[in-house]
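Engineer: predicted model follows, preceded by the sequence.
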Amino acid sequence: MQVTVRTFAALAERLGQRTLTLELPPGATVEDVWRRLVAGCPDIERFERRLLVAVNLKYATWQTSLAEGDEVAFLPPVSGGADDPGSSGNFEITERPLSADDMIAKVVHPRAGGITLFAGVVREYTGERRTVHLEYEAYREMALQEMARIGREVAERWPAVRLAISHRIGTLRSGEASVMVAAAAPHRDAAFAAARYAIDRLKVIVPIWKKERWEDGEEWVGAQTGPTVSRPVPSKEAVSVLQAQEEERRRVARELHDGAAQTLANLVLRVEVCERLMDTDPERAKEELRRLKELLRASLRDIRQVIADLRPLVVEEHGLFEALRLYASEFSQRTGMAVDLHFEGELGRLDPQVELAAFRLVQECLNNANKHSGAVNVKIRIVRLDRELQGEVRDDGRGFDPRLTRPTNRFGLQGMGERLQLLGGWMELESAPGQGTAVRFGIPL
C-alpha cells in the first residue's frame with residue numbers, strides 16, 4: 001500500500017524532505033513508517049522521544065494501523081464571526097499582518113459586555129541575545145482543525161463566549177504580532193478565562209513551529225509536550241523513571257540522616273546527661289527533660305512530614321481537591337507565601353493514580369517556588385474537563401532562561417514529567433528572567 005509522509009520544522013530540515021511517498025506492506029503502522037525514515041537518515045532518530053504523530057489530520061499513536069492513501073505526519077513539539085464558536089471563519093492561519101480591529105469584529109455580538117484581546121508579539125531580545133527575526137511554519141490543515149477543537153472546548157465550558165484565533169506564518173520581525181486571540185462574553189471574567197484557556201491550549205495542541213534567528217545563530221523552538229496521546233514508553237524512558245525513583249530514595253535517605261537520625265543521636269546523649277544529673281541536680285535534670293520532650297516532638301513532626309511526602313494519606317482520604325486546599329493552607333502558613341487556589345469543573349473523586357500524580361506535581365512546584373524562586377505569590381489553577389485534568393502553577397519569582405539551564409533536572413520536575421507520560425499525560429514549563437515560572441500539565445481521565 002502507498003502512504004504519504006509529511007514532516008515539519010527541524011525534522012524536515014534534517015531529513016531533507018517535507019513530503020514523500022512510501023510503499024508499505026499491509027498492516028503497517030506509524031512506527032513502521034518512522035523506522036523506514038530512520039533507516040534512510042539515522043540522524044533523525046534523536047527526534048523520536050519528542051515527536052507527536054498524526055494520521056489524516058488527527059493525533060494518533062505509534063501503533064495506529066495504516067491503510068492505502070493515508071497521510072502520516074511527524075510533528076515536533078509546537079512552539080508555543082459566526083454564531084458557532086467552532087466555525088472555521090473564526091480561526092485563521094495567514095501570512096498577512098494581524099489586525100486587532102478584525103479580531104474584535106469576529107467576536108463582537110449584541111450580548112457582549114466585555115472583549116479580551118491577547119496579542120503575542122516578537123520580542124527583540126531573548127535573554128541577552130538579539131532576535132533578527134522569527135520564522136513560523138504550520139501544518140495548516142491540521143492547525144485549523146485543532147483551533148476549531150479549542151473553539152468547541154471553550155463553547156463547552158463557557159457557552160456565552162465567542163472566540164477567534166489568528167496565527168501568522170512566514171517571517172516576522174521585532175514588534176510584529178504572531179498570534180491574536182479574542183474572546184467576547186456578557187461578563188469580563190468569562191472573556192478573560194476563555195482567552196487564557198485558548199492561548200494555553202494553542203501552545204500545546206496546534207501544530208505551529210517557530211525558528212528563532214539571532215545575530216549569531218538559529219534554533220527551532222518548541223518545549224511543549226503536546227496533547228494526550230498514548231505511546232509505548234521506550235526503554236530509555238523507563239530507565240529515566242527508575243533513575244528518578246532512585247534519586248527520590250537518596251533524597252529521603254538524606255532527609256532522614258540529616259534530620260531525624262541526627263536528632264535521635266543527640267537525644268541519646270542528652271538522656272545520658274539526665275541520668276547523671278538526677279542525683280546531683282534534680283532541677284537541672286527536670287529542665288533537661290523538658291527540652292528533651294520538645295526535641296522529641298520536633299523529631300516526630302519531621303518523621304511524619306517525610307511519611308506524608310512519601311505517601312500523602314490526605315489524598316487517599318479526602319481526594320485531590322480537598323487535599324490541595326489543606327496543603328495550600330499549610331504551605332502558606334509555613335512559608336508566608338500567598339497561595340491563590342482555584343478549581344473549575346466537577347470536584348468529585350478521580351482515579352487514585354491521577355489524584356496522586358496531580359498532587360505530587362503541585363507539591364513539587366510549591367516546594368521549588370519556596371526553595372529556588374524567591375516568589376511571594378503562587379497561583380494554582382486546576383480544571384477538570386470531560387476527558388482530561390489540567391492544571392497550572394504560576395509563581396512571581398525571579399524566573400530563569402530554560403534554554404540556558406536544565407530546570408527539570410535541577411528542581412526534580414523531570415521525574416514528575418516522566419511519571420505523567422506513563423499516565424499518558426503531558427507537562428510544559430515556561431519561564432524567563434524576572435518573569436516568574438509557570439508549570440502546566442494535563443492527565444487523561
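Structural biologist: Received it, and whenever you're ready, just let me know what you need.

Engineer: for residue 156, which non-adjacent residue is closest in space?
Structural biologist: Using Cβ to Cβ, 6 or more residues apart in numbering and skipping residues adjacent in sequence, the residue nearest residue 156 is residue 386, 7.7 Å away. The C-beta positions use only the backbone N, C-alpha and C, and glycine is treated the same way.

Engineer: go on, residue 174?
Structural biologist: Here the residue nearest residue 174, using Cβ to Cβ, 6+ apart, is residue 124, at 4.1 Å.

Engineer: ok, the one you found - how many residues close by?
Structural biologist: By other Cβ atoms under 10 Å, the residues close to residue 124 number 12.

Engineer: got it, and residue 216?
Structural biologist: By other Cβ under 10 Å, 8 other residues sit near residue 216.

Engineer: thought residue 146 was touching residue 208?
Structural biologist: No - in terms of Cβ atoms under 8 Å, residue 146 does not count as a neighbour of residue 208; the distance is 9.4 Å.

Engineer: and the helix or strand harbouring residue 333, what does it pack onto?
Structural biologist: Here residue 333, judged by DSSP states H and E, is contained in helix 320-335. Applying 3 or more Cβ pairs under 8 Å, 6 or more residues apart in numbering; DSSP states H and E, one finds that helix 320-335 contacts helix 313-318, strand 338-344, helix 352-368, strand 377-384.

Engineer: so where's the chain shaky on pLDDT?
Structural biologist: Within the chain, the ranges that satisfy pLDDT under 70 run 49-50, 77-88, 127, 221-262, 305-313, 403-415.

Engineer: break it into its domains for me.
Structural biologist: What automatic domain parsing lists as the domains of the chain is 2-75, 88-221, 240-310, 314-444.

Engineer: re the thing from before, if I look at the residue nearest to residue 174, how far off is residue 131?
Structural biologist: Separation of residue 124 from residue 131 (Cβ to Cβ, to the nearest Å): 6 Å.

Engineer: joint contacts of the two?
Structural biologist: Common contacts of residue 124 and residue 131 (Cβ atoms under 8 Å, 6 or more residues apart in numbering): residue 174.

Engineer: quick one: buried residues of stretch 433-445?
Structural biologist: Going by neighbour count (16 or more other Cβ atoms under 10 Å), the buried part of stretch 433-445 is 436, 437, 438, 439, 440, 441, 442, 443, 444.

Engineer: let me fix that: stretch 117-127
Structural biologist: 117, 118, 120, 122.

Engineer: also stretch 330-340?
Structural biologist: Within stretch 330-340, the residues that qualify as buried are 331, 332, 335, 337, 339, counting by 16+ other Cβ under 10 Å.

Engineer: what is the longest helix of the chain by residue count?
Structural biologist: For the chain, the helix with the greatest residue count under DSSP state H is helix 282-310.

Engineer: please identify the buried residues of that helix?
Structural biologist: Neighbour-count burial for helix 282-310 [16+ other Cβ under 10 Å]: 285, 288, 292, 299, 302, 303.

Engineer: then stretch 103-113?
Structural biologist: Quick answer for stretch 103-113 (16+ other Cβ under 10 Å): 103, 104, 106, 107, 112.

Engineer: restricted to helices, list those residues.
Structural biologist: Using DSSP H, these in helices are 103, 104, 106, 107.

Engineer: can you tell me which residues contact the third one?
Structural biologist: Contact criterion Cβ under 8 Å, 6+ apart gives 81, 89, 90, 162, 164, 182 as the residues in contact with residue 106.

Engineer: also residue 351?
Structural biologist: Here residue 351 is in contact with residue 445 (Cβ under 8 Å, 6+ apart).

Engineer: state the distance from it to residue 316.
Structural biologist: 12 Å.

Engineer: swap in residue 357?
Structural biologist: As judged by Cβ to Cβ, residue 357 and residue 316 stand 14 Å apart.

Engineer: likewise residue 290?
Structural biologist: In terms of Cβ to Cβ, residue 290 sits 37 Å off from residue 316.

Engineer: cool, and residue 53?
Structural biologist: Taking Cβ to Cβ, one finds residue 53 at 36 Å from residue 316.

Engineer: compare these two and say which is more crowded by neighbours.
Structural biologist: Using other Cβ under 10 Å, the more surrounded residue of residue 53 and residue 316 is residue 53, with 20 against 12.

Engineer: packing partners for the one helix or strand the more buried one maps to?
Structural biologist: Using DSSP H and E, the element containing residue 53 is strand 52-55. For strand 52-55, the packing partners by 3+ Cβ pairs under 8 Å, 6+ apart come out as helix 30-40, strand 58-60, strand 71-75.

Engineer: any residues touching that strand, and which ones?
Structural biologist: Contacts for strand 52-55 (Cβ under 8 Å, 6+ apart): 30, 34, 59-62, 64, 66, 70-77, 139, 142, 207, 226-227, 229.

Engineer: so which residues of the stretch 101-250 of the chain form helices?
Structural biologist: With DSSP state H, counting those that start in this stretch as the criterion, the stretch 101-250 of the chain has helices at 140-157, 188-205, 235-256.

Engineer: can I get the helices and strands packed on helix 320-335 in a markdown table with distance to residue 326?
Structural biologist: Output for the helices and strands packed on helix 320-335, formatted as a markdown table (distance: least, Cβ to Cβ, whole Å):
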| stretch | distance to residue 326 |
| --- | --- |
| helix 313-318 | 6 |
| strand 338-344 | 10 |
| helix 352-368 | 11 |
| strand 377-384 | 13 |
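
Engineer: nearest to residue 5, out of those?
Structural biologist: helix 352-368 (34.2 Å; Cβ to Cβ).

Engineer: the closest one: how far from the chain's middle?
Structural biologist: 12 Å (Cα atoms, centre = their mean, to the nearest Å).

Engineer: how about that helix: buried residues?
Structural biologist: Under 16+ other Cβ under 10 Å, the buried positions of helix 352-368 are 354-366, 368.

Engineer: try stretch 7-20
Structural biologist: 7, 8, 9, 10, 11, 12, 15.

Engineer: what residues are up against the first one?
Structural biologist: Neighbour list for residue 7: 15, 17, 18, 19, 73, 74 [criterion: Cβ under 8 Å, 6+ apart].

Engineer: quick one, phi psi at it?
Structural biologist: Dihedral angles of residue 7 (phi, psi; degrees, to the nearest 10) stand at phi -130, psi 160.

Engineer: beta partners of it?
Structural biologist: Following DSSP bridges, residue 7 is listed with bridge partners residue 74.

Engineer: which residues are in contact with the helix or strand harbouring residue 21?
Structural biologist: For residue 21, the host element (DSSP H and E) is strand 19-23. With contact meaning Cβ under 8 Å, 6+ apart, strand 19-23 is reached by 1, 2, 3, 4, 5, 6, 7, 33, 36.
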